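Peer 1: what's the 3D shape of this:
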Amino acid sequence: MPKKTTKKTGKKATAGAKPKAARVPAKAGKGYESSAMAEICRALPGTTFDIKWETNYCACVAGKIYCGTETTDAAMIGFKCDDIDFEKLTKRRGIIPAPYAARFGWVKLTAADALPPAELAKYILKSYALVVEKLPAKVRASLTAT
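Peer 2: Numbering: from 1, shown residues only. So this is what the prediction gives:
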């Protein structure tokens, strides 16, 4: 059976091949690395940072994400919260259930002024605590030892 060709390129398509995702470049200067979210997260034990899904700057503890922002817009912050906070926050202007992650209790700030800095810090600390409490005991112990 001959291989099919794609309409746009005329090149032969391989069976099961997936198109490559376009890489969205981060803003020049990497403002997300010095964002309010990053400053708060840097102070928490065991926090590491990683770019995930090509456009998300994520704060992780033991490889688990607890907070993240868009590389293209540092004001768009997402974090995990408990059910009560989820209900309260999603009723506020500028805060929505996080796309693809709302079922896990994540919210997303769509406006820079959605939460005052002190309140944002409180929710990021809560998010960190929610993730840490689900880690194995040995990992939790190593976080408090450092």
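Peer 1: Please tell me how far stretch 134-145 is from the chain's geometric centre.
Peer 2: Offset of stretch 134-145 from its chain centre (CA atoms, centre = their mean, to the nearest Å): 22 Å.
Peer 1: And the average pLDDT for it is what?
Peer 2: The pLDDT scores in stretch 134-145 average 87.
Peer 1: low-scoring stretches of the chain, by residue?
Peer 2: 1-34, 145-146 (pLDDT under 70).
Peer 1: so how far is the longest helix along it off the chain centroid?
Peer 2: Across the chain, the longest stretch assigned as helix under DSSP state H is helix 117-133. In this view, helix 117-133 has its centroid 14 Å away from the chain centroid, taken as CA atoms, centre = their mean.
Peer 1: Same question for stretch 136-146.
Peer 2: So, by CA atoms, centre = their mean, the centroid of stretch 136-146 is 23 Å from its chain's centroid.
Peer 1: Now do that stretch: everything it contacts.
Peer 2: Stretch 136-146 is contacted by residues 45-46, 61-62, 132-133, 135 when judged by CB atoms under 8 Å, 6 or more residues apart in numbering. Every C-beta, even on glycine, is put in place using the N, C-alpha and C of the backbone.
Peer 1: Just the CA trace of the longest helix of the chain, in CSV.
Peer 2: Extracted in CSV, the C-alpha atoms of helix 117-133 (Å, rounded to 0.1, in the frame of the first residue of the first chain):
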residue,chain,number,x,y,z
PRO,A,117,-0.1,40.2,47.2
ALA,A,118,-0.5,39.1,50.8
GLU,A,119,-3.6,37.0,49.9
LEU,A,120,-1.8,35.5,46.9
ALA,A,121,1.1,34.5,49.2
LYS,A,122,-1.3,32.9,51.6
TYR,A,123,-2.9,30.8,48.8
ILE,A,124,0.5,29.7,47.3
LEU,A,125,1.6,28.6,50.8
LYS,A,126,-1.7,26.6,51.2
SER,A,127,-1.1,25.0,47.7
TYR,A,128,2.4,24.0,48.7
ALA,A,129,1.1,22.5,52.0
LEU,A,130,-1.6,20.5,50.1
VAL,A,131,1.0,19.0,47.8
VAL,A,132,3.5,18.3,50.5
GLU,A,133,0.9,16.5,52.7
